[in-house]
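Novice: Please work out how this folds:
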Amino acid sequence: MHISAKADYATRALLELACEPARPLTCEAIASSQQIPFRFLKSVVGELRRAGLVRSQRGCEGGYWLGRPADEITLLDVSRAVDGELITLRGEPLAGLDYPEPASGLPGMWRRIEAEAAAVLGGTTIATLLPATTDARAPSKQLSRRGAA
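Specialist: Prediction:
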C-alpha cells in the first residue's frame, strides 16, 4: 500500500490546525512548522477545504481552521479527500476487478485488504493522533494551548 505525500502532508496540516483551534493558521506557518513545501501544501489545503475538512478566511486576520472537530475527522476522510480511492490497481478501483481461474480469488483479497485498511483509517481521528497535552483532544474544549479564548 502506498501512502501519498499529499495524504501525509494533509494529515500533518490538520494536526497543526487541531493544536491551535482558537486561531487561524496560515499555510506559510504550517509549511514552516512541518517542513513541507509551501506550494504543495497550498494545493493540498485547497483540496481539504473543498472536502470540508478545513475552512478559511481571507485577510490580515485570516488563515485556516479545522472544518469540524478533530475527533470527527478520520484518516480515511483525509485520504479520500486528497487521493480519492483508497487502493487502486493500475489506477483503477477494485470494485469491478475480476480475474479468470486460477486467479479468481485474488480480487476478493485485494478488496479485503482495502476494507481492512479503511477500517483502521476510519477508526483513527486527528484527535487521537495529537499529543496528550493538546487541548483539542477533548472535544468540548475550544481553547488553544496558550489559553486564549
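
Novice: Helices along the chain, start to end?
Specialist: Along the chain, the stretches classed as helices by DSSP state H are 5-19, 27-34, 38-50, 75-83, 106-122, 126-129.

Novice: Could you export these to CSV, including columns for mean neighbour count?
Specialist: The way it works is simple: take the backbone N, C-alpha and C, and place the C-beta from them, glycine included. Rendered in CSV, the data for these read as follows (neighbours: other Cβ atoms under 10 Å):
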stretch, mean neighbour count
helix 5-19, 21
helix 27-34, 17
helix 38-50, 17
helix 75-83, 21
helix 106-122, 14
helix 126-129, 18
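
Novice: any weak-confidence spans in this structure?
Specialist: Per-residue confidence for the chain (pLDDT under 70) gives these ranges: 134-149.

Novice: Go again with 50.
Specialist: Low-confidence segments of the chain (pLDDT under 50): 137-149.

Novice: In it, which residue is most central in space?
Specialist: The geometric centre of the chain, computed from its C-alpha atoms, lies nearest to residue 78 (Cα atoms, centre = their mean), at 2.8 Å.

Novice: what's the distance between that one and residue 104?
Specialist: Distance, residue 78 to residue 104, by Cβ to Cβ, to the nearest Å: 34 Å.

Novice: now the helices of the chain in TSV, with distance to residue 68?
Specialist: As requested, the helices of the chain are arranged in TSV below (distance: least, Cβ to Cβ, whole Å):
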stretch	distance to residue 68
helix 5-19	11
helix 27-34	18
helix 38-50	11
helix 75-83	9
helix 106-122	15
helix 126-129	10
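
Novice: Of those, give the one that comes closest to residue 98.
Specialist: Taking Cβ to Cβ, helix 106-122 is the member of the helices of the chain nearest to residue 98, at 6.0 Å.

Novice: between the closest one and helix 5-19, how many degrees?
Specialist: Using axes from the mean of the first three to the mean of the last three Cα atoms, to 10 degrees, one finds that helix 106-122 and helix 5-19 are set 20 degrees apart in direction.

Novice: neighbouring contacts of helix 106-122?
Specialist: Defining contact as Cβ atoms under 8 Å, 6 or more residues apart in numbering, one finds that helix 106-122 is touched by 1, 74-76, 79, 86-87, 89, 94-95, 97-99.
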